[in-house]
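J.: Below are the sequence and a predicted model for it; my questions follow.
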Amino acid sequence: MIELPAIRWGEPYESLEIDEVNHFYTGEPVAKVHTVGSGIIRRDAKKAKNARRALQEMMPAELIAKCKKAGELFESGTLTVGDSTQSPADFIAQQSATTGMPISMCEANVTKNAFVLKNLEQILDCLTRGLDLNILARGYGEEGRGVTVSYQAQCDALGAVLPSNSPGVHTLWLPVIALQMGLVLKPGSSEPWTPYRVFSAMVEAGIPKEAFCLYPGAGADIGGAILASCRRSMIFGGPQTVEQYSGNPKVQVHGPGFSKVIFGDDCVDDWERHIDLLADSVYRNGGRSCINTSSIYASRHTKEIAQALAEKLGPIEVLPPDDPNSGLAAFTIEGSAKAIWGALENDIEDSQVTEMTAKYGERLVEKPPVAYLRPVVLHHASHDSTSRNKEYMFPMVNVVECPQAKMLDAMEYSLVCTAITEDEDFRRDLMASTEIDRLNLGPIPTPKLDWLQPHEGNLIEFLYNNRALQIA
Amino acid sequence: MTSLASDAAIAAAREQLDAHTVETVAWHFHESTGCPFWLEKKSELNFDPLTEVKCYDDLKKFPTFEDEWLRGGPVRRWVPKGLADKPVYVFETGGTTGVPKSRIAVDDFRTDYSLFSDTLPNEYFPKGANWLMLGPSGPRRLRLAVEHLAQHREGICFCIDLDPRWVVKLIKKGWMDHLEEYKKHCIDQAITVLTAGHDVKCMFGTPKLIESLCLELEERGTSLAEQGITGIFSGGTEFTPQWTKFCVEELFGGPPEESGIYMTPTYGNTLMGLACSEPVTAENKYKITYHAPQPRAVLEVVDFDNTDELVGYGETGRSKLTTLTKEFFVPGFLERDEGEREKPYEKYPWDGISGVRPFSRLAGGTTVGVY
C-alpha cells in the first residue's frame, strides 16, 4: 500500500488524520492519504507568492522544457510517489482500482495528460493567441505594432478542486506552472493519483517543488478553503456547483457539458455516414466527460438514428476493468447508479420518449458493492420533451426530433456542438450563438479536442488581466 | 503518558456514583421534590424508582430516553418542585429546523463550570485575569457558563455575538461567502476586544474561531501570545488530534512551555456539563480523551445496537449520557457522537471516551459550522 502525505509548498506533511483509498470492488486499501483541515490551507495561502517567485526564477521557455520532460516522465518514468516508487503500469492499475475505470480508459488519459505537458509550447501559443510568453513573465512588452501591451497576473497560485471520476480534466490545470504560477490542488477522494504523479514528474524534471500544494481531505472543508484562499480557482461539479459559482470571477467552474451533435436539413439524409461518429461521441471515455455527446438533434430520421445507435451501443456489456474491450466505468458511490436509473425511468415515462436500448437487456447492472449502467439511447419525438437535454455520467444520449429553425432555442447550452451542415445561413446562426462554447463545423466527434484551439474558459483570460500600461 | 487510575480509586468513584444515583433518583421521584415530568412518567414504569434503584446499574430499568421529550413545552414540567421557588433558565440545543431540545437550569451551569475551574492551571489561567468568550450566544448555556467561569476566577468576561443556527443555515444554503463574512464579523469583534487594553488573558473559543482568530492576527502581524492570551479552553467534536497538532505547532508556535499558551479541550453540552480531558501532548500524538464530570454526569461508550452494553476498552461505540443532578435527571440519553472507550485516568477514575466524532450512522444529517 502506498502512503501519500499532504504536500505543503513542496514539503511532505504527515497528518494525524489518514484516509484510506480503497479498491472499488474488493474494498482492499490501496492508498493511505494524509488529510488536512482548512486552517492549514488558509495559513499556507499566505506563502503563495513564494511559489510564484520560485517559478519566476526561470524563463517561460525553461519551464516549458521542464514540463516537456515532466510529460515524458509522467508517461514512461518510474517515479517516487509518496513513500513508494510508481511505474506507469502501477499508476494505471492504482487509478483503475480506486475509480472503477477500465484500464484502457486510464491509459488513454495518461496519453492525453502527457500530450499536453509535452506540447505546452504550442498549447500556450494557442491559448495566448500567439503572445510572446516573455511578455507575460515581464508583465509588459511590445506587441509588434508599436503598442505596449501589459498583462497583470491575477494570482500567485491557481487553486483546483479536482474530481474523482474523470482524470482527463487534469489537462486544464497542467499549463499553469509554465505561466509561472503555483498550484494548490485538492485531489479527488478516489483519484489522488494524477496530481501526485504530476507533482512527482514535475519536481523530477527540475521544477521547484515549492510551487505545489496537494491537500487531500474532506471535500467541502478543503474545497471551501481553497476557493476562499486562492484568488483564482477552478472547481468541477454538477449543475448545483455550476449555479453556485456562476458569476464569481474568482472561480472557474466546470460542470456538465450538454455537448451535442446536430444535423442541418441539408445533411440529415446522409445520417448513416456519420453513425460511427455519433456512437464514438457518446461512448468514448465511458461517456463520462463533459465533451461526450448527450443529445443529437435532427429534423427527420431521428427514429432511425436512435435505432442505429441503439444497435451499436445497446449490446455493450460490462466487462472486467482489465479487459481491453472494457468501456464502461463503475459507479463506486453506493446507490448512485440505481438513483440515476430511477431518474431515467421517470424520463422514459413521458409519452414523447422511447427507450431504444430496452431490447438489449437490463441497463442497470448491480455488482455489489458497485453498479454499472449500460448505454442508453432515448428517442424524443419532439423538442418539447422536457428531458431532451439531460446528461448523466455514462453513455446516454437523447436523439431529438426538432425542426432546424427551432434547434438553437431547443438545444440550450452546449460546451461542444458539432454541426453537420453546409447551410451557410445555419452556420452563421451557429457562429452567432452565445450558447455554444466550442463549435465544430462538420463531422468532428465532440470528444476530439484540437489542443491548438483554446479550451473552454481560456486559462490565460482567467489568470491574466489585459491592462493598460504607459511608460514615460 | 497516560496514568491509569488505581483499582481503589476506581472502586471509590463507583461507590460514590452509586450513592449519588440513589440520592438523585429519590429527589426526582419523590412527590415533594420531583418534577412533573418524572412524577407523571413514574406511573408508566413497571418498577418503583424510589425502592428499586439501589445503584447506578439499576438505571438500566428505565426505558430509553427519547429526544422528543425535550422538545416543546410546557418547560416548567421539568422544574423539580424542590427548586420551584428558584429563578429558572432555559437552554436550547439545535433548532435550525423544528423545535429545539431544551433543558431548564437553575445553578447547574455555574456548578459545572466552578468544578471545571478547579482543573485549570493557574499559571496559564491566572486568577483575576479577564476573559474573552468567542462562541455561541443566544439561548445557549455557553455564554452564561463561561461568564460565570471568568467571574468565579475573579475576572470579567467580554463576549461577542455568535448565532450558530444562522451559521448552519448559511452552510445548508451554500452561501459560503456569507459564511466567511459572518465569521470575519465575529473575528473583527474579538480582535477589537483583544486590542482595546482590557487585559484579557484567557478565552473560550470554538476550534474554527480560534483558528480564524489566529490566522487573522497573523495577517495583522501579531499573534495570540502577543495579545496576552495564555489560557484557552475549547471544545466539540471538531477538536481533533490533527487540529490540535496544527494549532499548537503552527498557530501558537509550540507547546505551552515554548509558546506560553495552554489549551485544553473539553466536551460538553447542556445535559452533561463539561467533560475534562487528559493532558494532550505531542508525545501522545495529541490524543484527546474526555472524562465526564462524574457523578453529576456519566458518559458511557455503548454498543451501537445493544445500547445497554458497554464496548470493550479501545473499542468503538456510541456515546451515552446520564445526567444526575438535582435540577435535571436524564437516564441513558444516546448522544449524536461516537468514539472509543478509554480506561479510567488517575485524576478521573472512571471510563473516558476518545476520538469523539459525529455518530457515523447519523453523520449525513449533521452540519458542522464555525461553531
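T.: Ah, there it is.

J.: Not counting sequence-adjacent ones, nearest residue to the residue nearest the centre of chain B?
T.: Chain B has B:Gly268 as the residue nearest its centroid, 0.7 Å off, counting by C-alpha atoms, centre = their mean. Among residues not flanking B:Gly268 along the chain, B:Leu274 sits closest, at 4.1 Å (C-beta to C-beta, 6 or more residues apart in numbering or on different chains). (C-beta placed from N, C-alpha, C; glycine too.)

J.: What mean pLDDT does the helix or strand harbouring that neighbour get?
T.: Counting by DSSP states H and E, the element that carries B:Leu274 is strand B:273-277. Along strand B:273-277, the predicted confidence averages to a pLDDT of 90.

J.: Each with direction, which strands does it pair with?
T.: strand B:262-269 (antiparallel), strand B:289-291 (antiparallel) (DSSP bridges).

J.: What parts of the stretch 101-250 of chain B come near chain A?
T.: On the criterion C-beta under 8 Å from any C-beta of the partner chain, chain A has as its neighbours in the stretch 101-250 of chain B the residues B:174, B:176, B:180, B:211, B:215, B:218-219, B:240-243, B:245-247, B:250.

J.: List phi and psi for A:Leu452.
T.: For A:Leu452, the backbone dihedrals are phi -90, psi 10 (criterion: degrees, to the nearest 10).

J.: can you pull the pLDDT of it?
T.: Note on A:Leu452: pLDDT of 70.

J.: A:Tyr245 too?
T.: If you check A:Tyr245, the pLDDT there is 85.

J.: was I right about it contacting A:Pro239?
T.: No: proximity of A:Tyr245 to A:Pro239 does not meet the contact threshold set by C-beta atoms under 8 Å, at 11.4 Å.

J.: Show me which of these two is the more surrounded one.
T.: More neighbours surround A:Tyr245 than the other of A:Tyr245 and A:Pro239, with 22 against 11 (other C-beta atoms under 10 Å in any protein chain shown).

J.: Count the neighbours of the nearest residue to A:Gly219 once chain neighbours are set aside for me.
T.: Spatially, and ignoring its direct neighbours in sequence, A:Gly219 is nearest to A:Ser189 (6.9 Å; C-beta to C-beta, 6+ apart). Summarising burial for A:Ser189: neighbours were counted as other C-beta under 10 Å, giving 19.

J.: show me the contacts for A:Ser189.
T.: A:Asp19, A:Val21, A:Ser164, A:Pro216, A:Gly219 (C-beta atoms under 8 Å, 6 or more residues apart in numbering or on different chains).

J.: hang on, it in a helix?
T.: No: counting by DSSP: H, G, I helix; E, B strand; the rest coil, A:Ser189 is not part of a helix but coil.

J.: From chain B, how far out is it?
T.: A:Ser189 sits 16 Å away from chain B when distances are taken as C-beta to the nearest C-beta, to the nearest Å.

J.: Show the model's pLDDT score for that residue.
T.: Listed pLDDT for A:Ser189 reads 90.

J.: which element is A:Glu391 on?
T.: Taking DSSP H and E as the definition, one finds A:Glu391 inside no helix or strand.

J.: Need the nearest residue in space to it, chain neighbours excluded.
T.: Residue nearest to A:Glu391 in three dimensions, not counting chain neighbours: A:Ser294, with 3.9 Å by C-beta to C-beta, 6+ apart.

J.: Surely the one you found touches A:Lys260?
T.: Yes: with contact taken as C-beta under 8 Å, A:Ser294 and A:Lys260 are classed as touching, separated by 7.2 Å.

J.: Give me the contacts around the lowest-mean-pLDDT helix or strand in chain A.
T.: Using mean pLDDT, DSSP states H and E, the weakest-scoring helix or strand in chain A turns out to be helix A:239-245, at a mean of 83. When contacts are taken as C-beta under 8 Å, 6+ apart, the neighbours of helix A:239-245 outside the stretch itself are A:Leu227, A:Ile235, A:Val251, A:Val253, A:Gly255, A:Pro256, B:Gly174.

J.: Do I have it right that the fifth one meets A:Phe236?
T.: Right, A:Gly255. Yes: at 7.4 Å, A:Gly255 and A:Phe236 qualify as touching, with contact defined as C-beta under 8 Å.

J.: Give the buried subset of the contacts of helix A:239-245 as a ChimeraX selection command.
T.: When burial is assessed using 16 or more other C-beta atoms under 10 Å in any protein chain shown, the buried subset of the contacts of helix A:239-245 is captured in ChimeraX by this command:
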select /A:227,235,251,253,255,256
